[in-house]
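J.: sharing a sequence plus its predicted fold:
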Amino acid sequence: MALPTATGTTPCPECFADITLTDVMQHEITQCPGCGAELEVIGLAPLTLALAPQEEEDWGE
Ligand SMILES: [Zn+2]
């Protein structure tokens, strides 16, 4: 039972560089090679990326 995956090119929401993704699943986290932003796959058809929520583990309180 393979999960649905997608392959294609989509622009980074941060720097608009084209990012090529291969067999990514929804909610997979990837990193933009252009600006280094962490991106989450939020849609497969069409392939859509959004900035991944930042995990702030230690806020120094
Ligand atoms: Zn980028």
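T.: Everything's here; your move.
J.: can you list the residues of the chain near the ion?
T.: Residues of the chain lying near the ion by C-beta under 5 Å from the ion: 12, 14-15, 32, 34-35, 37. Every residue, glycine included, has its C-beta placed from N, CA and C.
J.: ok, now which ones touch Leu39?
T.: Leu39 makes contacts with 12-14, 19, 29-32, 49-52, as judged by C-beta atoms under 8 Å, 6 or more residues apart in numbering.
J.: could I get the average pLDDT for stretch 40-47?
T.: Regarding stretch 40-47, the rounded mean pLDDT is 96.
J.: buried ones in that stretch?
T.: Neighbour-count burial for stretch 40-47, counted by 16 or more other C-beta atoms under 10 Å, picks out 40-41, 44, 47.
J.: and which of these is nearest to Ala6?
T.: Leu44 (4.0 Å; C-beta to C-beta).
J.: was I right about that closest one contacting Pro4?
T.: Yes - look at Leu44 against Pro4 with C-beta atoms under 8 Å: they come within range, at 6.0 Å.
J.: list the residues that contact both of these two?
T.: Common neighbours of Leu44 and Pro4 (C-beta under 8 Å, 6+ apart) are 25-26.
J.: drop anything exposed from the residues of the chain next to the ion.
T.: Buried members of the residues of the chain next to the ion, counted by 16+ other C-beta under 10 Å: 12, 14, 32, 37.
J.: among these, which lie within helices?
T.: The helices, defined by DSSP state H, take in nothing from those.
J.: rebuild those as JSON lines, extending it with pLDDT.
T.: Output for these, formatted as JSON lines (pLDDT from 0 to 100):
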{"residue": "Cys12", "pLDDT": "97"}
{"residue": "Glu14", "pLDDT": "96"}
{"residue": "Cys32", "pLDDT": "97"}
{"residue": "Ala37", "pLDDT": "96"}
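J.: inside strands: which ones of the residues of the chain next to the ion?
T.: Applying DSSP state E to the residues of the chain next to the ion, no entry is found in strands.
J.: give me every residue that touches Ala37.
T.: Ala37 touches 12-15, 31, 51-52, counting by C-beta under 8 Å, 6+ apart.
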